[in-house]
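Undergrad: okay, sequence plus prediction incoming.
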Amino acid sequence: MRNPKLAMIGAIAAAALSVTACSSGDTASSGTSSAAAETTTTMAPGSSAPMASGGDGVTQTTDVFGAGCAQVPSDPADKGSLQGMVSDPVATAASNNPLLTKLVAAVQAAGLVDTLNSQEAITVFAPADPAFAALGDAKFAELAGQPAVLGDILKYHVVGKRYDAKGLESAGSVDSLQGKQLTIAGTGDAMTVNGAPVLCGNIPTANATVFVIGEVLTPPAA
């Protein structure tokens, strides 16, 4: 069950995280982007979500799925477009995406930009800006003043292994960097993470595969 108070805190954190989570490390970007370029795609049986065939969680821009993908800039020259995000580490890539401005702000407030960008292969569940709309500036300021608390919430949205949609479906549950598990259910456009809908999935960045979600996730109580 979600704690309403934590959900509110999580929403603010996620909002900030979406603004900052796009600047991951430079070394990861070159190797991962080249791998993505070589990956072929197929359609997952019974699912509207394409899946990468490489088996390492690396995707291509043609693998993305979900109604929310229509809100991503379509001009390839835009750094916030799918093509623009491919070569940047995840925190840097997220900072250019107009859907993730609040998440990025949270990531910056928690001091996690370098942490995310330096990871070699991760999965990020990135709450979209509307997921934080109910939190308000005052609540975010409160969380920003508690970087350890905010960081714990944000790390719950990150998995220390790179998964594409097919890999998540097969796993069923995955361990977050925060230490608690996340539950994956459904397939394709009906995929959820702890019950939160995936709005746009399989987004490739240099060192991560990103799934934009419709809710801020809160880690369960110890």
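TA: Arrived safely. Numbering: from 1, shown residues only.
Undergrad: tell me where the longest strand sits in this structure.
TA: The single longest strand within the chain, with elements called by DSSP state E, is strand 196-204.
Undergrad: list of residues touching it?
TA: 32-33, 36, 49-52, 58-61, 63-69, 71-72, 82, 85-86, 99, 125, 127-128, 164-165, 189, 191-192, 209-215, 217 (C-beta atoms under 8 Å, 6 or more residues apart in numbering). All C-beta atoms are positioned from the backbone trio N, CA, C, and that covers glycine.
Undergrad: give the rounded mean pLDDT of it.
TA: Over the span of strand 196-204, the pLDDT mean works out to 97.
Undergrad: just stretch 212-222 next, same as before
TA: pLDDT averaged over stretch 212-222 gives 89.
Undergrad: tell me how far it is from the chain's mean position?
TA: Between the mean C-alpha location of stretch 212-222 and the chain-wide mean there is a distance of 12 Å, by C-alpha atoms, centre = their mean, to the nearest Å.
Undergrad: show me what counts as buried in that stretch.
TA: Neighbour-count burial for stretch 212-222 flags 212-219 (criterion: 16 or more other C-beta atoms under 10 Å).
Undergrad: Val159 touches Gln178, doesn't it?
TA: No - with contact defined as C-beta atoms under 8 Å, Val159 and Gln178 do not form a contacting pair (10.0 Å).
Undergrad: the more surrounded of the two?
TA: With neighbours defined as other C-beta atoms under 10 Å, Val159 and Gln178 compare such that Val159 has more, 27 against 19.
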